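>>> Take this sequence and fold it.
(one chain, ligands or ions: 3)
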Amino acid sequence: MNKDNNKYGVLLVNLGTPDTPTAAGVKQFLSQFLHDKRVVDMTRWLWCPILHGVILPIRSPKVAKLYQTVWMEEGSPLMVYSKRQQQALQDALQVPVALGMTYGNPSIQSGLEALKQQGCDKVVVLPLYPQYSGTTTAAVFNRLAKDLKSMPYIPELRFINHYYDHPDYISALADSAKKVWAEKGEPDYLLCSYHGIPKRYADNGDPYPDHCNGTTELLAQALAMPREKMSMSYQSIFGREEWLKPYTEGTIKALAEKGVKRLDVMCPAFSVDCLETLEEIAEQCKEVFIEAGGVEFNLIPCLNDDEAHIAMMESLVKQHVQGW
Ligand SMILES: C=CC1=C(C)c2cc3[nH]c(cc4nc(cc5[nH]c(cc1n2)c(C)c5CCC(=O)O)C(CCC(=O)O)=C4C)c(C)c3C=C
Ligand SMILES: [Fe+2]
Ligand SMILES: [Fe+2]
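Ligands and ions are numbered 1, 2, ... in the order given. Modelled structure (predicted):
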């Protein structure tokens, strides 16, 4: 721990999740999320009537039912695992670590306040997105800047942009796959499924697909996996516009139809398991695979609060506080 009043703290940031798995809870969360221009860039006079008139009333009750299928005793999986990460990183670093969500609770502002209360005048902001995207990482930056606007004293800041190529991140991912394979044997095929973004965002300069490609290449090397047994795709497509391709669902169906019997899927863009991994992949995509002739389907869990994941965060933070 640094000396008092001159110490650093860490703000871990993730996307956020509803407080309750109810239509009202989901509506509140989606409304904040989908009003962010970093996420949906459509002009407001066009988007707001669609959002308020169609998406929020129809999607909220539907998605609430999906959240109910993965909800844990302590709450939303994203929140449960994020809190465990916060505690484990604080234990490892022995400096204050706060949690803030871009949307919903706890807010980024409450995280900054908590660090201030603990005497931190230097803050490392770690958005838990290994691959940079304007829709996620930059959205954290925008929210942070907005919250700092009203603070009389701004802490000294370091902002971690991405870490997809950090060797400890890649080895943690590789070890998480090997752990599953030590128990169940190697699969016929490994698919890396990343959260998608609209193709137009990438065409306009978002480096996200390059970071996803880079992750897959580095992981293939770390696993010494023949490239014909491994590929990548994009999931969680939203709306009518074209998103990054290939889409996960179509890829999984095609793999089963080509004769792949055992498929393992990992989701390297997600720091913690959440609706998009536990429901969309482990339930919906599994069903697609089995219906198309597949036999065994495994979701390799996200890194969550694994020891190797926390050690990676510890080394990432330590690299960024050099000179403080
Ligand atoms: C509307 C456009 C969306 C973009 C662009 C987008 C990018 C993006 N999202 C994540 C990570 C997560 N997304 C999650 C849920 C989620 N995402 C969208 C839409 C976009 N995401 C919606 C509408 C939802 C809510 C669920 C739904 O209605 O389908 C989550 C999980 C949250 C949870 O509570 O479990 C995460 C995490 C990334 C990494 C990303 C771009 C790279
Ligand atoms: Fe609106
Ligand atoms: Fe998303």
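>>> Name the residues of the stretch 51-200 of the chain found near ligand 1, please.
Residues of the stretch 51-200 of the chain found near ligand 1 (C-beta under 6 Å from any ligand atom) are 59, 63, 76, 78, 129, 133, 135, 136, 195, 197. C-beta: built from backbone N, CA, C; applies to glycine.
>>> and these, which are buried?
For those, a burial check counting by 16 or more other C-beta atoms under 10 Å picks out 59, 63, 76, 78, 129, 133, 135, 136, 195, 197.
>>> which residues in the stretch 151-300 of the chain form helices?
167-184, 199-203, 208-223, 248-257, 275, 286-291 (DSSP state H, counting those that start in this stretch).
>>> export the ones you listed to TSV and tack on mean neighbour count and mean pLDDT?
Shown next, in TSV, are the helices of the stretch 151-300 of the chain (neighbours: other C-beta atoms under 10 Å; pLDDT from 0 to 100):
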stretch	mean neighbour count	mean pLDDT
helix 167-184	17	98
helix 199-203	16	98
helix 208-223	19	98
helix 248-257	19	98
helix 275	22	98
helix 286-291	16	98
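>>> Can you tell me which of the buried ones among the residues of the stretch 51-200 of the chain next to ligand 1 is closest to residue 255?
residue 195 (19.5 Å; C-beta to C-beta).
>>> tell me the contacts of that closest one?
234, 235, 236, 267, 269, 270, 276 (C-beta atoms under 8 Å, 6 or more residues apart in numbering).
>>> Next one: the nearest residue to the second one once chain neighbours are set aside from ligand 1, what distance?
Taking C-beta to C-beta, 6 or more residues apart in numbering as the measure, residue 235 lies nearest to residue 248, with 3.9 Å between them; neighbours along the chain are not counted. Relative to ligand 1, residue 248 is positioned 13 Å away (criterion: C-beta to the nearest ligand atom, to the nearest Å).
>>> per-domain residue ranges of the chain.
Per the record, the chain has its domains at 7-163+307-320, 167-300, by automatic domain parsing.
>>> Ends of the first one, what's the gap?
Right, domain 7-163+307-320. Chord length of domain 7-163+307-320, first to last residue, is 14 Å (C-alpha to C-alpha, to the nearest Å).
>>> Take the residues of the stretch 51-200 of the chain next to ligand 1 and lay them out in a markdown table including pLDDT and secondary structure.
Formatted as a markdown table, these follow (pLDDT from 0 to 100; DSSP: H, G, I helix; E, B strand; the rest coil):
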| residue | pLDDT | secondary structure |
| --- | --- | --- |
| 59 | 98 | helix |
| 63 | 98 | helix |
| 76 | 98 | coil |
| 78 | 98 | helix |
| 129 | 98 | coil |
| 133 | 98 | coil |
| 135 | 98 | coil |
| 136 | 98 | coil |
| 195 | 98 | strand |
| 197 | 98 | coil |
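>>> Verify the contact between residue 324 and residue 7 for me.
No - assessed by C-beta atoms under 8 Å, residue 324 is found out of contact with residue 7, at 9.0 Å.
>>> Mutual contacts of these two, please.
With C-beta under 8 Å, 6+ apart, residue 324 and residue 7 have common neighbours residue 122.
>>> Which one's more surrounded, the two?
residue 7 (17 against 12; other C-beta atoms under 10 Å).
>>> Could you give the bridge partners of that one?
Counting by DSSP bridges, residue 7 is bridged to residue 120.
>>> who's in contact with it?
Residue 7 touches 1, 95, 96, 119, 120, 121, 122, counting by C-beta under 8 Å, 6+ apart.
>>> Surely the second one and residue 10 touch.
Right, the one you point to is residue 95. Yes - between residue 95 and residue 10 there is a contact under C-beta under 8 Å: 6.6 Å.
>>> How about the contacts made by residue 108?
11, 13, 100, 101, 102, 140, 143, 144, 147.
>>> redo that, cut-off 7 Å
13, 100, 102, 143, 144, 147 (C-beta atoms under 7 Å, 6 or more residues apart in numbering).
>>> What's the local residue count around residue 64?
19.
>>> State whether it is indeed within a strand.
No - Residue 64 is assigned helix when assessed by DSSP: H, G, I helix; E, B strand; the rest coil, not a strand.
>>> separation between it and residue 52?
17 Å (C-beta to C-beta, to the nearest Å).
>>> Neighbours of the closest residue to residue 259 other than its chain neighbours, how many?
Nearest residue to residue 259 in three dimensions, chain neighbours excluded: residue 293, at 7.7 Å (C-beta to C-beta, 6+ apart). Residues near residue 293, counting by other C-beta under 10 Å, number 14.
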